[in-house]
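Novice: The amino acid sequence is not available; the structure is as follows:
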């Protein structure tokens, strides 16, 4: 009797899995656009988390089931989604027309913390959203960070002191020459400046200039200097890494008061 029950359960699971697998089909799709800018669009099945990319003609193939949601993503289009209906599922074909999305920078939500600057609103906000990214999809080299142009130049100027030739090594004279000429020091200084600017821009995009000007009462032309001032505080990096929204706002408010006092800035 026990063996019969186990056999029955096995058959139920087996046929359920088989039925689910058999309901999956390979969909052949084509992306359309008036400007024919259809190459390199990412297509992601939100249910299976599988992804593909369109070719130069806009064609792509992806495994789907009925009622799956496909997410189409590209810089020029933003993110647009399509649900696989009965007709597309039966024909195993799909044509999608993507429209270019032109959005003013101030209207784009770039804030990773989703902050408005209003403590009451921010307290009530709850973020519970599945984010689809190269990392979540386990794509190759998703964690690799590309070097900036100055970083690449610095690596060429100061890195690789030895060059391997066959089984031996040959001294690379470029780093020595660059140290003597001062080029390495110049590139390091340039890289440091660029990294500070990049971090400032990211931070400003996260909050928006209005948060600094209206909420913290920091003049627009002083925002970069204020961010640098905050970064000098030993607790700054820790506060940012914790991603505590309210804690970060409180920290910035306290630092803004200090900054205004040090720079003799009058509050509105």
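Specialist: Sure, I can see it. Small disclaimer: the values here were computed from a predicted structure and weren't measured.

Novice: So which other helices or strands are in contact with the longest strand along the chain?
Specialist: Longest strand in the chain by number of residues (criterion: DSSP state E): strand 25-32. Packing partners of strand 25-32 (3 or more C-beta pairs under 8 Å, 6 or more residues apart in numbering; DSSP states H and E): strand 59-64, helix 86-91, strand 93-97. Every C-beta, even on glycine, is put in place using the N, C-alpha and C of the backbone.

Novice: Quick one: mean pLDDT over the shortest one.
Specialist: Per-residue pLDDT over strand 93-97 has a mean of 93.

Novice: For it, which strands pair with it and how are they oriented?
Specialist: Paired strands of strand 93-97, with direction, are strand 25-32 (parallel) (DSSP bridges).

Novice: just to revisit the earlier point, among the helices and strands packed on strand 25-32, which is the most enclosed?
Specialist: When you average the neighbours per residue for each of the helices and strands packed on strand 25-32 (mean count of other C-beta atoms under 10 Å), strand 59-64 leads with a mean of 18.

Novice: next structured bit after it?
Specialist: strand 69-74 (DSSP states H and E).

Novice: What are the contacting residues of that following strand?
Specialist: Outside strand 69-74, the residues that touch it by C-beta atoms under 8 Å, 6 or more residues apart in numbering are 31, 40-47, 62, 64, 79-84, 94, 96, 98, 132.

Novice: what would the helices and strands packed on strand 25-32 look like in a markdown table with distance to residue 259?
Specialist: What follows is the helices and strands packed on strand 25-32, written out as a markdown table (distance: least, C-beta to C-beta, whole Å):
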| stretch | distance to residue 259 |
| --- | --- |
| strand 59-64 | 51 |
| helix 86-91 | 57 |
| strand 93-97 | 50 |
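
Novice: Mind checking the ones you listed for the one nearest to residue 241?
Specialist: strand 59-64 (36.5 Å; C-beta to C-beta).

Novice: now for that closest one, which elements pack on it?
Specialist: strand 25-32, strand 42-45, strand 51-53.

Novice: Any of the contacts of strand 69-74 buried? List them.
Specialist: 31, 41-45, 62, 64, 80, 82, 84, 94, 96, 98, 132 (16 or more other C-beta atoms under 10 Å).

Novice: farthest pair in these?
Specialist: 94 and 132 (19.1 Å).

Novice: Tell me who's in contact with the nearest residue to residue 88 once chain neighbours are set aside.
Specialist: Spatial nearest neighbour of residue 88, excluding adjacent residues (C-beta to C-beta, 6 or more residues apart in numbering): residue 94 at 4.7 Å. With contacts defined as C-beta under 8 Å, 6+ apart, the neighbours of residue 94 are 27, 28, 29, 30, 70, 82, 84, 88.

Novice: Residue 94 and residue 100: what is the separation?
Specialist: According to C-beta to C-beta, to the nearest Å, residue 94 and residue 100 sit 20 Å apart.

Novice: Go through the helices and strands packed on strand 25-32 and name the closest to residue 214.
Specialist: Of all the helices and strands packed on strand 25-32, strand 93-97 sits nearest to residue 214, with 40.2 Å by C-beta to C-beta.
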